[in-house]
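*Asks:* structure of the sequence below:
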Amino acid sequence: MAATKYATALRCIGQDLERRGLKSYDIRLERNEYVVSCGYQDPPSPTPVSIQYTVKDLKELDRLGGGKRGQSAASKEFLSQVQIFRTIGSYLDKNEANLIRMTNKDGSGLDSQLKVEYITREGERLVDDRAGAAIYDMCVTMYKQRGKLTGTEGPLFRWRR
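*Replies:* All right, here's what the predicted structure looks like:
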């Protein structure tokens with residue numbers, strides 16, 4: 001899956017799941033495909049739908065979604081499924097980690113909403129449970145970083161004296 005960065009791949013998967021109305025998910029990276037078991041109810045719930053995404057599928061989803069980017073509403077929704085997926089993908093890319101699994105179905109803590117399993121660049125296998133507040137903080141941080149990179153942070157108008 002090296003041909004597609006995790007931020008792009010997971011964003012595309014998040015957009016597709018959101019478009020289909022799928023709320024619970026268990027994403028695994030198997031061979032060169034993302035295999036997603038998902039369901040229409042909020043987690044925990046059964047996952048009767050299975051979808052596979054190849055590199056070709058993700059490139060097509062990215063191409064199709066490209067025309068809609070930058071047309072978001074004025075409000076900043078940091079906890080949308082798409083934003084969470086993109087943020088986790090960016091975290092993996094930044095840390096040169098390899099995704100094993102990402103799910104919102106079986107967090108171990110009471111407040112856990114997201115579980116990410118990955119292998120670090122040093123080869124250590126980690127399981128990271130994230131609560132709602134931690135996910136929100138990650139999404140806000142990424143939003144601010146993206147604003148600095150694109151020059152879109154700050155007020156739209158500056159007052160002159």
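*Asks:* pretty sure residue 61 is touching residue 12, no?
*Replies:* Yes - distance between residue 61 and residue 12: 4.0 Å, which falls inside the contact criterion (CB atoms under 8 Å). Bear in mind the C-beta positions are built from the backbone N, C-alpha and C, glycine included.
*Asks:* can you list residues touching both of the two?
*Replies:* Listed as contacting both residue 61 and residue 12 by CB atoms under 8 Å, 6 or more residues apart in numbering are residue 53.
*Asks:* with neighbour numbers in mind, choose between these two.
*Replies:* Per other CB atoms under 10 Å, whichever of residue 61 and residue 12 has more neighbours is residue 12, with 26 against 19.
*Asks:* over to that one: give its phi and psi.
*Replies:* Main-chain torsions, residue 12, degrees, to the nearest 10: phi -60, psi -40.
*Asks:* same check on residue 127?
*Replies:* Per-residue torsions, residue 127: phi -120, psi 120 (degrees, to the nearest 10).
*Asks:* pull the contacting residues for it.
*Replies:* 115, 116, 117.
*Asks:* between these, which is closest to residue 123?
*Replies:* Sorting the contacts of residue 127 by how near they are to residue 123, with CB to CB, puts residue 117 at the top with 14.0 Å.
*Asks:* neighbours around that closest one, how many?
*Replies:* Using other CB under 10 Å, residue 117 has 16 neighbouring residues.
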